[in-house]
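> Predicted model follows, preceded by the sequence.
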Amino acid sequence: MKKTRKLAIPENPPAKSEDDRLMDRLLASGKIASLIKGAGIFIRDYTSDAYVPSTFWKELGYAADDLRGDKWKDIVHPDDRQLVEGFDRLLARGEADSWNGTFRLKGTDGAYRQVSHKALVLERTAEGTPSLFVGWDVDVTAFREREAALSAKYEDLESKFLRSEELRAAEAILTSELDPVRAAERVLVQAERVVSYDAAAVWTLEDGELFRIAGIGFDIVSPGRRGNPVADVPGRERDRVLPFVSARTPKPFLSRLEVPLMIRDRVIGYLVFYSRNRNAYANEDVASSMLFAEHAGMVLSNALKFQASEREAATDWLTGLPTRRAFMSRAARLCADLPVESRLAVLMIDIDWFKHVNDQYGHCVGDEALVAVSSACREALRSEDLICRYGGEEIVVMLPGADERTALAAAERVRVRIVELRLPSQPDLRLTVSVGVDSGMGTDDFREIISRADEALYMAKESGRNRCELR
């Protein structure tokens, strides 16, 4: 008789831990199926039609048999279908045993839900077909929506930050220009960093009239022409203080954004943007353009003030002629540009017995005489000639390209014109001038020519006045 060996059974098996006993309770409860379905877990056998759906399908509004087999692929979003079918083929062929992905499924209400899908092949047949396929579906729609909202908010903040940086950079560049026209042109160039446009213009408001001083991208009106920013908008308010968006624009533009340029609640002009796209300007563009226009208005105002002060400093307050300082500056530039062989002449004009006029008739008549003589000189000379009030009753004229003969003829025209003058306040008063003339080459120092013309003037005075003398 064959003896069998008895296995030694420990009389006291090791005690189970609390964790083990908790798992035993779950297995003995018979609720595993409910747990699996409720947790979004599904089970499938590719070799048969066996299928255990999760409760997620029910949340989408489907019954257990509605999505059996491959029917569930019919509710995948068209844009996600290629991705889903591709992974499903990899699993079925044995080329992969797991899959993690996110795609959209359509519920019975027609709305799509975002699904986070995780799947694992636990068993395969000898041929490699998945016989025990377990997956987990979680609805992440709300999470994705919050994520998208946060992303949009971040992009908005980033966009605002970038716009603020563009504004800061544009403002830094604008402050370096004091010529109004160049400042306006620079405003338009820098505005592209803030507002998209196909064309734009800067208008200044002077004494109730609008002047376009700069434009880019179109040629609606010539620079300096008076009128409204857009001529086909009748009855437009000249003191509009809020941005104005309109579809009434000249062809080929379909949208217009008009922003006032203001200084201390006073409109000094307008910045107008045009686009070929319909409804091109949204609230964000309006807000950005307002911020930009605030600084652009200050820059343009400073440039206009600087121009006015420069013009005032360069213009004699009484006669309207350039001052001696302005004349010398312009003369230097003119001489620098003259060809080497070019001629250059100077007239030095002085009113005869001017002190006698002031003493006998008063300084008001003396001022009237100065103004009249200045106007007569301008009328007798060419447009290209430079003229200035050199000091007191002296007027200097520079004639580029003029030789001695041409200069003497010009001096004589001036002398004759003055003889014919009659002052409204003193019609019996006769005015005369003495003129000194000198000429040289364009390469000569023009100050030397002025000095020699002054000597010629002295000769004219010594010779009896009311005459022209050549040095």
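Done, it's in. Numbering: from 1, shown residues only.
> and the residue nearest to residue 368 when sequence neighbours are not counted, how far is that from residue 389?
In space, residue 368 comes closest to residue 423 once its chain neighbours are excluded; the distance is 5.5 Å by CB to CB, 6 or more residues apart in numbering. Any C-beta I mention is one placed from the backbone N, CA and C, and that applies to glycine too. If you measure residue 423 against residue 389 using CB to CB, to the nearest Å, the figure is 18 Å.
> Which one's more surrounded, the two?
For the pair residue 423 and residue 389, the greater number of neighbours falls to residue 389 (24 against 17), based on other CB atoms under 10 Å.
> what's around the residue nearest to residue 252 when sequence neighbours are not counted, how many residues?
In this structure, residue 252 finds its nearest non-sequential neighbour in residue 276, 5.7 Å apart by CB to CB, 6+ apart. A total of 15 residues lie near residue 276 under the criterion other CB under 10 Å.
> Could I get the contacting residues of residue 276?
Applying CB atoms under 8 Å, 6 or more residues apart in numbering, we find residue 276 in contact with 198, 252-254.
> Please apply the same query to residue 272.
Residue 272 makes contacts with 200-203, 229-230, 256-259, as judged by CB under 8 Å, 6+ apart.
> again, but for residue 319
With contact taken as CB under 8 Å, 6+ apart, residue 319 is in contact with 370-371, 374, 389.
> Partner strands of the host helix or strand of residue 268, with direction?
Taking DSSP states H and E as the definition, one finds residue 268 inside strand 266-275. Strands adjacent to strand 266-275 in the sheet, as given by DSSP bridges, are strand 199-206 (antiparallel), strand 255-263 (antiparallel).
> Find the nearest non-adjacent residue to residue 138, please.
What sits nearest to residue 138 in space, not counting adjacent residues and going by CB to CB, 6+ apart, is residue 116, at 4.6 Å.
> how many other residues sit next to residue 378?
18.
> cool, residue 436 as well?
Using other CB under 10 Å, the number of residues around residue 436 comes to 26.
> pretty sure residue 384 is touching residue 402, no?
No - no contact is recorded between residue 384 and residue 402 when judged using CB atoms under 8 Å, the distance being 9.9 Å.
> who has more neighbours, those two?
For residue 384 versus residue 402, the count of surrounding residues by other CB under 10 Å is larger for residue 402: 24 against 11.
> With residue 349 as the reference, measure out to the residue lying closest to residue 361 once chain neighbours are set aside.
Nearest non-adjacent residue to residue 361, counting by CB to CB, 6+ apart: residue 426, 5.9 Å away. Taking CB to CB as the criterion, residue 426 is separated from residue 349 by 21 Å.
> So for those two, which sits in the more crowded spot?
When neighbours are counted by other CB under 10 Å, residue 426 and residue 349 differ, and residue 349 comes out ahead with 27 against 16.
> which outside residues touch stretch 72-91?
Under the criterion CB under 8 Å, 6+ apart, external residues in contact with stretch 72-91 comprise 57, 60, 67, 96-97, 99, 101, 103-107, 112, 119, 121, 130, 133.
> Name the residues of it that are buried.
72, 75-77, 80, 84, 87-88, 91 (16 or more other CB atoms under 10 Å).
> Can you flag which of the residues you listed belong to helices?
Helix and strand membership here follows DSSP state H; of the buried residues of stretch 72-91, those in helices are 80, 84, 87-88, 91.
> and residue 103, how many neighbours?
Residue 103 - counted by other CB under 10 Å - has 18 other residues nearby.
> What spatial separation is found between it and residue 276?
40 Å.
> what's the burial count for residue 361?
Residues near residue 361, counting by other CB under 10 Å, number 16.
> And the pLDDT for it?
In this prediction, residue 361 carries a pLDDT score of 94.
> I'd guessed it sits against residue 428; true?
No - judged on CB under 8 Å, residue 361 makes no contact with residue 428 at a distance of 10.5 Å.
> residues bridging contact with the two, i.e. touching both?
Residues touching both residue 361 and residue 428 do not exist when contact is defined as CB under 8 Å, 6+ apart.
> Give me the distance between residue 323 and residue 387.
Separation of residue 323 from residue 387 (CB to CB) stands at 11 Å.
> What is the neighbour count of the closest residue in space to residue 322 that isn't next to it in sequence?
Among residues not flanking residue 322 along the chain, residue 388 sits closest, at 4.4 Å (CB to CB, 6+ apart). Per other CB under 10 Å, the neighbour tally for residue 388 reads 25.
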